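Engineer: Turn this into a model:
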Amino acid sequence: MTGKSIGRRVNRIDQLAQSVPPPRDLWPAISSAIAADIEAAKAGRAVENSPRRARWLPAAGMAAAVALVTFGILIGRVMGPPATNTLAGTTTAQDRSVMIPAALRDADYRKQRDALLVEVQSRLAGMPAADREKVSASLLTLKRSIGEIEAELGRDPANALLQELLVNSCQEEMRALTAVRDSGSQET
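Structural biologist: Numbering: from 1, shown residues only. The predicted structure follows:
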């Protein structure tokens, strides 16, 4: 390298040298290796300097892979959480502690919804017939949608999109019921 090229900074690719000769010519060694391979093939003997792959190497690789997978599974069983055997439709003691608050929330929701439905039925009785039909049709559509979503969740309970859709639909139903309940108090 020259002193000029050490201190020079290259900012663009066109500033690089167009032709850089290799420090030594590699072609004579390559040519002689090719010629030796051709002569050996004609003579029917193997090339002396070529590496020979052992026939047992692929089998040893597969055995090593199986041993590593087995070792990993054993470590996972020893270090991982204990396996629980459950029957379909049953829960373990650990799962029940999580499910109780959810069941209580569901019971509270259903109690509030049922109370709202009673109040809404009394409000609907005092509405004009055209308004009553529109509100009843909207509430029936929401109820039918919630039923369909719950049925699909029964088939695919882990579907997060269906779960979110159910929550949104239930919230929309509660908003509609609350709006109908409160509609009579705003008029007076």
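
Engineer: for the chain, which spans come out with low pLDDT?
Structural biologist: By pLDDT under 70, the weakly predicted segments of the chain are 1-7, 45-53, 81-105, 184-188.

Engineer: For it, list the residue farthest from the centre, please.
Structural biologist: Going by Cα atoms, centre = their mean, the residue of the chain most distant from its centre is A43, 60.2 Å out.

Engineer: Can you pull the phi/psi pair for that residue?
Structural biologist: phi -80, psi -10 (degrees, to the nearest 10).

Engineer: OK, contacts around it?
Structural biologist: Going by Cβ atoms under 8 Å, 6 or more residues apart in numbering, A43 touches no other residue. In short, each C-beta sits where N, CA and C put it, glycine included.

Engineer: I34 versus that one, what's the distance?
Structural biologist: 15 Å (Cβ to Cβ, to the nearest Å).

Engineer: and what of A60?
Structural biologist: 32 Å.

Engineer: the helices in the protein, which residues?
Structural biologist: Using DSSP state H, the helices found in the chain span residues 3-7, 27-43, 57-79, 93-125, 129-155, 160-187.

Engineer: can I get those helices in JSON lines with distance to I13?
Structural biologist: Formatted as JSON lines, the helices of the chain follow (distance: least, Cβ to Cβ, whole Å):
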{"stretch": "helix 3-7", "distance to I13": "16"}
{"stretch": "helix 27-43", "distance to I13": "28"}
{"stretch": "helix 57-79", "distance to I13": "42"}
{"stretch": "helix 93-125", "distance to I13": "61"}
{"stretch": "helix 129-155", "distance to I13": "58"}
{"stretch": "helix 160-187", "distance to I13": "50"}
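
Engineer: Find the centremost residue of this structure, please.
Structural biologist: A160 (11.4 Å).

Engineer: Tell me how many other residues surround I149.
Structural biologist: 20 (other Cβ atoms under 10 Å).

Engineer: Equivalent analysis for A40, please.
Structural biologist: By other Cβ under 10 Å, neighbour count at A40 equals 15.

Engineer: number of nearby residues for L124?
Structural biologist: Number of residues near L124 (other Cβ under 10 Å) recorded here: 16.
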